[in-house]
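Student: Sequence isn't available, so here's the structure alone:
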Ligand code: CO
């Protein structure tokens with residue numbers, strides 16, 4: 001495994017609209033992208049640019065959203081995952097599995113339009129980890 005750039009930090013929120021206000025007014029973010037729905041993942045997302053990475057705001061799309069449970073446990077939201085880039089998603093999946101790490105599902109298209117997968121936090125020092133193929 002070759003550690004690539006931190007692409008983004010995922011932050012769950014009950015309201016992207018409220019979180020945008022926080023990142024703009026408290027944290028001084030000047031580049032906030034338009035939120036969009038990802039129905040296949042059950043979430044609405046919004047990227048906030050920082051000088052060296054992005055924050056991915058994630059709001060559930062409905063009660064069966066994969067982040068609904070997280071928000072139940074953390075009603076005001078909070079840090080949800082870290083996302084690192086790799087050059088080849090399929091090679092990375094094989095490498096993690098060879099190390100006994102639980103890859104959650106098959107690689108699928110993520111919010112940046114390239115293939116992603118998640119690795120179980122219990123195999124990753126408690127951190128839900130998203131692995132993303134670097135956009136070409
Ligand atoms: Co993410």
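Tutor: Arrived safely, thanks for sending. Please read all numbers here as calculations on a predicted model, not as lab measurements.
Student: Am I right that residue 97 is in contact with residue 103?
Tutor: Yes - Residue 97 is in contact with residue 103 according to Cβ atoms under 8 Å; the separation is 5.8 Å. All C-beta spots, glycine's among them, are computed from the backbone N, C-alpha and C.
Student: Pick out whichever of these two has more residues nearby.
Tutor: The residue with more neighbours, out of residue 97 and residue 103, is residue 103; 17 against 12, by other Cβ atoms under 10 Å.
Student: wait, the more buried one sits on residue 93?
Tutor: Yes - with contact defined as Cβ under 8 Å, residue 103 counts as touching residue 93 (5.4 Å).
Student: Mind listing the shared neighbours of those two?
Tutor: residue 117 (Cβ atoms under 8 Å, 6 or more residues apart in numbering).
Student: Which residues are in contact with residue 88?
Tutor: Taking Cβ under 8 Å, 6+ apart, one finds residue 133 in contact with residue 88.
Student: likewise the one 5 residues further on?
Tutor: Contacts of residue 93 were listed using Cβ under 8 Å, 6+ apart, and they are 103, 107, 117, 131.
Student: Which of those has the largest number of neighbours?
Tutor: residue 131 (25 neighbours).
Student: Can you pull the phi/psi pair for the residue of the chain positioned farthest from its centre?
Tutor: Relative to the C-alpha centroid of the chain, counting by Cα atoms, centre = their mean, residue 98 is the outermost residue, at 23.3 Å. The phi/psi pair for residue 98 (degrees, to the nearest 10) reads phi -60, psi -30.
Student: Give me the local confidence score for it.
Tutor: We have a pLDDT of 98 for residue 98.
Student: Repeat that for residue 56.
Tutor: Residue 56 is given a pLDDT of 98.
Student: how about the residue nearest to residue 15 when sequence neighbours are not counted, secondary structure?
Tutor: The shortest distance from residue 15 to any non-neighbouring residue, by Cβ to Cβ, 6 or more residues apart in numbering, is to residue 59 (6.5 Å). Recorded secondary structure, residue 59: strand (DSSP: H, G, I helix; E, B strand; the rest coil).
Student: May I ask you to confirm that residue 59 is in contact with residue 14?
Tutor: Yes - look at residue 59 against residue 14 with Cβ under 8 Å: they come within range, at 6.9 Å.
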